[in-house]
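A.B. asks: Just need the structure, nothing else, for what follows:
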Amino acid sequence: MTHISGKLTKKLVENLGAGRHGDGNGLYLVVDPSGARRWIVRVVVKGQKNKKGAPLRTDFGLGGADIVTLPQARDRALEYRRMAKQGLNPRFNARQEIPTFEEIAQQVHIERLPTWKNAKHGQQWINTLRDYAFPKIGRMPVDTIGQPEALMCLSPIWTEKHETARRLAQRIKTVLDVAKSKGFRSGENPITEIKDARVLPKVKIKPKHHAAMRWQDVPAFYAELKTRDAMAAKALMFTCLTGSRTSEVLGMQWDEVDLEARLWTCPAQRMKTGEKHSVPLSDEMIAILSTLKAVKSDYVFEGQKRHRPMSNMAMLMLLRRMKVEGVTVHGFRSTFRDWASEVANTSREVAEMSLAHKVGSKSERSYARSDLLERRRVLMERWSGFVAGEVGKVVRIG
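C.D. replies: Numbering: from 1, shown residues only. As a prediction, the model looks like this:
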């Protein structure tokens, strides 16, 4: 094979600044202002003219310089020039390069970013592949991945980290399905084959419960929280009173709060159910919110950075500093639910809807929503009275 040489070197390819740098024979390294580096080749296709009647001169991308090496770029450029000399347009005649698993996965991640509930979900999607798939199959052409390659990724974590392995399998399957739809693969998806053949052992999942505080212990805990000035303490007090999820409370902004109507409306995109949820505000909740108005932040519970929310670990870390062991922030939802059944003797619909759980069919929920708001208001006022140590605030709940 002929040794191809040019002006560029490996070191220059890695270090040249922004611009278009020629190697010779129509091959260029293009460095974007962002630092991204890619190869292009400019060829003149023999006998073909552009719209103005001049010889057809075209630029073709040869891939990123982080994936395609200088010798590979020279080889591909030579192949494109040979075709052009024969009057063949490389766009239709070049040997199709099969992308790697990682290249397709990164593409799927970018294409699907707008469809994820939030940026965190999109990041988790690619991180799982980065940690468990890319080290083993990332550089393999996507058409060479079969059951053995998929099992290399799944088997080591199938029993030990089953939930992660299950998600990993789903994500590998998606990448390979997309590769097939783009014409880079054929045949059955190996993940489907593994599942159908029951190649991997069945794993029994134990339901994971969030450790909850006994409702009897909440008033004393809340009294201690009240002595603390930290923003995390205010957020935890509010979370405990509303029975809301951590992300719902920490993302809370002032335009969601109507103090006159005594209502906080959490938007659909922050709700697990994907539907907006109204929380009736009790006297105790309003007292907490009133003290925070003076902060003049976009977020009700501002974090360490101005106009930014608190870290989602802040409340859990506070629990640890208070030496409250074996209890999670999410567990306060269970605490409230137990109290609602055992003490308040409230109906299932009112208790479940207070926790933003879906109850009944869609039409039943639509019918019940407005009807239950006032009944939930009574329940939340009574719960607040119990938690804050004010006895006998409300005696009857519908």
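A.B. asks: ok, now how distant is residue 247 from residue 129?
C.D. replies: Per CB to CB, to the nearest Å, residue 247 is found 24 Å from residue 129. All C-beta atoms are positioned from the backbone trio N, CA, C, and that covers glycine.
A.B. asks: quick one: which of those two has more around it?
C.D. replies: residue 129 (24 against 16; other CB atoms under 10 Å).
A.B. asks: list the contacts for that one?
C.D. replies: 102, 105, 168, 171-172, 175 (CB atoms under 8 Å, 6 or more residues apart in numbering).
A.B. asks: rerun that using 7 Å as the cut-off
C.D. replies: Residue 129 makes contact with 105, 171 under the criterion CB atoms under 7 Å, 6 or more residues apart in numbering.
A.B. asks: Off-centre distance for the helix or strand where it lies?
C.D. replies: In the assignment (DSSP states H and E), residue 129 maps to helix 119-132. Averaging C-alpha positions (CA atoms, centre = their mean, to the nearest Å) puts helix 119-132 7 Å from its chain's average.
A.B. asks: per-residue confidence for residue 96?
C.D. replies: Residue 96 is assigned 55 on the pLDDT scale.
A.B. asks: for residue 158, that is, sorry about that
C.D. replies: Value listed for residue 158 in the pLDDT field: 92.
A.B. asks: what's the neighbour count on it?
C.D. replies: Residue 158: 19 neighbours (other CB under 10 Å).
A.B. asks: From residue 165, how far out is it?
C.D. replies: Here residue 158 is placed at a distance of 5 Å from residue 165 (CB to CB).
A.B. asks: Find the least confident helix or strand in the protein, judged by mean pLDDT.
C.D. replies: Ranking every helix and strand in the chain by mean pLDDT, DSSP states H and E puts helix 90-93 at the bottom, with a mean of 63.
A.B. asks: buried residues in the helix or strand just after it?
C.D. replies: Next in sequence after helix 90-93, counting helices and strands by DSSP H and E, comes helix 101-112. Across helix 101-112, burial judged by 16 or more other CB atoms under 10 Å covers 101-106, 108-109.
A.B. asks: Point out where this structure drops to low pLDDT.
C.D. replies: 1-5, 90-97, 117-119, 205-210, 359-371, 390-398 (pLDDT under 70).
A.B. asks: For the strand ranked longest in the chain, buried residues please.
C.D. replies: Using DSSP state E, we find that the single longest strand of the chain is strand 37-49. Residues of strand 37-49 classed as buried: 37-43, 45 (neighbour count, 16+ other CB under 10 Å).
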